[in-house]
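3D, please:
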Amino acid sequence: MDHITLGRSDLRVSRICLGSMTFGEQNAEADAHSQLDYALERGINFIDTAEMYPVMPRAETQGSTERHIGSWLKKSGQRDKVVLATKVAGPNPHMHWIRGGQHNLDEANIRAAVEASLRRLQTDHIDLYQLHWPSRNLPIFGASVFDPQKERPSVAIEDTLAALGKLQEEGKIRHIGVSNESCWGVTEFIKQAEMKGLPRIATIQNLYNLTARHFETSLLDETCYRAEVSLLAYSPLAFGQLTAKYHDNPKAHGRLTIFPPNWSPRYVRPGVLEAVGHYAKLARANGMTPAQLALAWCYTRWFVASTIIGATTLAQLKENIDAYSLRLPPDMVAAVDAIHARLMNPGQ
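Okay, here's the model as predicted:
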């Protein structure tokens, strides 16, 4: 397994990151521990989680993912061998169970979130602490158009950075990152950090897969390259759509059939379904599974520092990791780009 340094930090991580948002919902604690053991055996030293996990978010399960990781860290004694990343939730009126609905990115809320995550994770520090989504108005999670009419009161970026800086000085977090961010957001975070001597973001965790290539079409790739901010690509299989299991059997067991369809409607758009059919056909015509094509393509993009994979079974996890050894020939890359040109970003 190859490793890479994130941004200007000293975090050296595997090119594959184990995502954990199924732990506590689709995966029991024993399953989570088995996945963590297996990932470590395969050379993965990077674990990503969040205070709001597992998905889909519910008051009854919130925090279970971090608790499962924390019990594994305590049992395994492997804390010093992993780079541990988690995230603080931004404002969302629907998740009233997180800090009583008070979860904007100000000092009080960030401190409360960090300290709760540390308790659940059973550790004294978090290696990479990320803002799960911005405080300000921004189209995310399937929305694609910025709407000034949706402006809302928000915490200034410099105030958020100052709060993170205090926690950094206390040793509770080591480095910071953003998630679901835009070009403007990345440049503003860098500008405020450099102007005011505040912590500098090392990473951006954004959606990136064959049906959602906005990162490269919005100039975020250039922005992050020049700002030295590393991309952590999430949802490389588009909630399982790019495995083609739903294409082959619309009733297949998985997130898109066990959760309400309105929870993540972008992955069931007609354009996504059409694109998945083309990518599955291309993969199978070249002796690959659809999942192997989607992951091999993502793993080899020059601007992806680490790809966050998740699985509900060890067999799925093995296939996802094994795809790292595959390299797509130029004609397959050209065929992928041709499909993308016809069906551009239907899952964004």
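
which non-adjacent residue is nearest the residue positioned nearest the centre of the chain?
Compute the mean C-alpha point of the chain, and by Cα atoms, centre = their mean the closest residue is Tyr234, 3.7 Å away. Counting by Cβ to Cβ, 6 or more residues apart in numbering, Ile308 is the residue found nearest to Tyr234 once chain neighbours are left out, at 4.7 Å. No exception for glycine: its C-beta is placed from N, CA and C like everyone else's.

next: Phe303.
Distance criterion Cβ to Cβ, 6+ apart; nearest residue to Phe303, sequence neighbours excluded, is Asp221 at 4.6 Å.

and the contacts of whichever strand or helix holds Gly185?
Here Gly185 sits within helix 183-196, counting by DSSP states H and E. Helix 183-196 is touched from outside by 134, 138, 157-158, 161-162, 178, 181, 198-201, 204, 218-220, 223-224, 227, 229, with contacts defined as Cβ atoms under 8 Å, 6 or more residues apart in numbering.

buried set for it?
Residues of helix 183-196 classed as buried under the neighbour-count rule (16 or more other Cβ atoms under 10 Å) are 185-186, 188-190, 192-193.

just stretch 225-238 next, same as before
Applying a neighbour-count criterion of 16+ other Cβ under 10 Å, the buried positions in stretch 225-238 are 227, 229-238.

out of those, list just those in strands.
Where the buried residues of stretch 225-238 overlap with strands, as defined by DSSP state E, the overlap consists of 230-234.

before we move on, the earlier item: give me the PyMOL select line for the contacts of helix 183-196, limited to the buried ones.
Here is the PyMOL command that selects the buried residues among these (16+ other Cβ under 10 Å):
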select buried, resi 134+138+157+158+161+162+178+181+198+199+200+201+204+220+223+224+227+229
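
want to try TSV for the buried residues of helix 183-196, with pLDDT as columns?
TSV is the format used below for these (pLDDT from 0 to 100):
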residue	pLDDT
Gly185	97
Val186	98
Glu188	98
Phe189	98
Ile190	98
Gln192	98
Ala193	98
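
save those as TSV, and put in distance to Glu274 too.
Formatted as TSV, those follow (distance: Cβ to Cβ, whole Å):
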residue	distance to Glu274
Gly185	31
Val186	32
Glu188	37
Phe189	36
Ile190	38
Gln192	42
Ala193	42
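
ranges for the helices of the stretch 151-300 of the chain?
Assigned by DSSP state H, counting those that start in this stretch, the helices in the stretch 151-300 of the chain fall at 157-169, 183-196, 214-217, 220-227, 245-248, 255-258, 270-285, 290-299.

using CSV, list the CA coordinates for the fifth one.
Coordinates of each C-alpha in helix 245-248 appear next as CSV, following Å, rounded to 0.1, in the frame of the first residue of the first chain:
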residue,chain,number,x,y,z
LYS,A,245,-25.8,-4.3,-8.0
TYR,A,246,-29.0,-2.1,-8.2
HIS,A,247,-28.6,-2.0,-12.0
ASP,A,248,-28.7,-5.8,-12.0
